[in-house]
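**Student:** Mind looking at a prediction? Sequence and model below.
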Amino acid sequence: MDIFESVKMAVTTLTANKLRSSLTMLGIIIGNASVISMIGIGEGAQTFIAGQVNSLGSNLLFIIPGSPEAQSRPVIPPQTLVLEDAEAIASQVPSVQEVAPTLNDSQLVTFRNKNVSSSIVGTTPEFLSVRSFDVAKGRFLSKLDLERQENVVALGSEAAEQLFGNTQPIGQYIRIKNSTFQVIGIMQSKGSTFGDNQDMNVYLPLTTMANRIVGRSSPYGTKVTFISVSVKDEKLMRAAQFQIENLLRLRHNITKEDDFTVRNQKDLMNTLGSITGALTLMLAFVAAISLFVGGIGIMNIMLVSVTERTKEIGLRKAIGASGQDILIQFMIEAVILSAAGGAIGTGFGIGGVLLVSAFTPLQASVSPVAIALAVGVSGSIGLFFGIVPAKQAAKLDPIVALRSA
């Protein structure tokens, strides 16, 4: 029998039972849509996390107080880092480009009758370049502001909007913990990083922060919450980390456990990427189970179809159709069901990815590899699970088939 004639007959047979054919394809449709959606969303999550890490700055090292073991404990690690540590790193580590020490606190910021709870960030002028921030209006902190301990602040875009509304913020005065500060700049919108809204931050000179907001509590210098370090070249990240660790051990007279931790931004990105990749693979595997279930559904329906079409099979064999013709006929029907279900499921999967991308922060993308994989697997499943009923139909004796019909 001509292959095209077989396809035509298969389509005619399947369309004659539209409801049954649709229900048979449902498992394949759901499976394909799930696989494509999960892979697309997983890739979007990886892109989102990479963007979050990159928004912190490029080629970054973060130095935080407390040993690596202390970071996992519920207790707050002691404040072991001081401004002088940051200055030593900037002057003595050759692979370092810039250093931005930071002292953080949460305070109520007041302008006239408006109050906003903000994260107060005491830092230095290098913060802009190290952390990849930009100023939208006015200016950022200067070295002179630090030396003179000026009462000046730069506001995050959202904090400025909540405090001032339509009023021009530059030159206005706000109050933080009973001290008055002049607004000298408004930052470009940065968005949230790992749940921390950067646009609600208020930036002021680190020296002013230490003396007038949190107070000096370290006998060894001006304490800092953490130190951000930008490295000259990505290839020097390991060398810079090694040099910084050795320098701080010397400065802190450490002989056993470190009282600080140096975190590599690239390591963080690789770790998070591995986690999201593993989750994507797991979700795709779970979604692929429905493809297997859909294949079993196709086999069940095709077995029922063999029983229902016993007379047709016997008649076709009686007028000269071979067992191979019958085998091919039923296999073509199974492949058409799975391929059609795969195509429809692909459409739903692409639509789901586009909806996620449109209504969530995840920039989910449609992966051509995922589409090819899902459609290829669904077609293969139809072929695989169609073999059993096709063989059963091909083995029917025409006389027995006509007599039992």
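**Tutor:** Right, received. Where do you want to start?

**Student:** And the helices in the stretch 1-150 of the chain, which stretches?
**Tutor:** 3-16, 18-55, 68-71, 83-92, 127-130, 143-148 (DSSP state H, counting those that start in this stretch).

**Student:** So which of those helices is nearest residue 382?
**Tutor:** For the helices of the stretch 1-150 of the chain, the distance to residue 382 is smallest for helix 18-55, at 7.6 Å, taking C-beta to C-beta. Backbone N, C-alpha and C define where each C-beta goes, glycine included.

**Student:** Distance from the closest one to the middle of the chain?
**Tutor:** Distance of helix 18-55 from the chain centroid (C-alpha atoms, centre = their mean, to the nearest Å) equals 15 Å.

**Student:** could you dump the helices of the stretch 1-150 of the chain to JSON lines with mean neighbour count and distance to residue 322?
**Tutor:** Below are the helices of the stretch 1-150 of the chain laid out as JSON lines (neighbours: other C-beta atoms under 10 Å; distance: least, C-beta to C-beta, whole Å):
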{"stretch": "helix 3-16", "mean neighbour count": "13", "distance to residue 322": "12"}
{"stretch": "helix 18-55", "mean neighbour count": "21", "distance to residue 322": "26"}
{"stretch": "helix 68-71", "mean neighbour count": "14", "distance to residue 322": "72"}
{"stretch": "helix 83-92", "mean neighbour count": "18", "distance to residue 322": "82"}
{"stretch": "helix 127-130", "mean neighbour count": "21", "distance to residue 322": "77"}
{"stretch": "helix 143-148", "mean neighbour count": "14", "distance to residue 322": "91"}
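
**Student:** Contacts only, for the nearest residue to residue 361 once chain neighbours are set aside.
**Tutor:** When the adjacent residues along the chain are set aside, residue 361 lies closest to residue 48, with 6.1 Å between them (C-beta to C-beta, 6 or more residues apart in numbering). Residues in contact with residue 48 (C-beta atoms under 8 Å, 6 or more residues apart in numbering) are 361-363.

**Student:** Identify whichever of the helices of the stretch 1-150 of the chain lies nearest to residue 370.
**Tutor:** With C-beta to C-beta as the criterion, residue 370 lies closest to helix 18-55 of these, at 4.0 Å.

**Student:** now that closest one against helix 3-16, angle please.
**Tutor:** Interaxial angle, helix 18-55 versus helix 3-16 (axes from the mean of the first three to the mean of the last three C-alpha atoms, to 10 degrees): 100 degrees.

**Student:** mean confidence for helix 18-55?
**Tutor:** Regarding helix 18-55, the rounded mean pLDDT is 78.

**Student:** Could you do stretch 262-274 as well?
**Tutor:** On average, stretch 262-274 scores 74.
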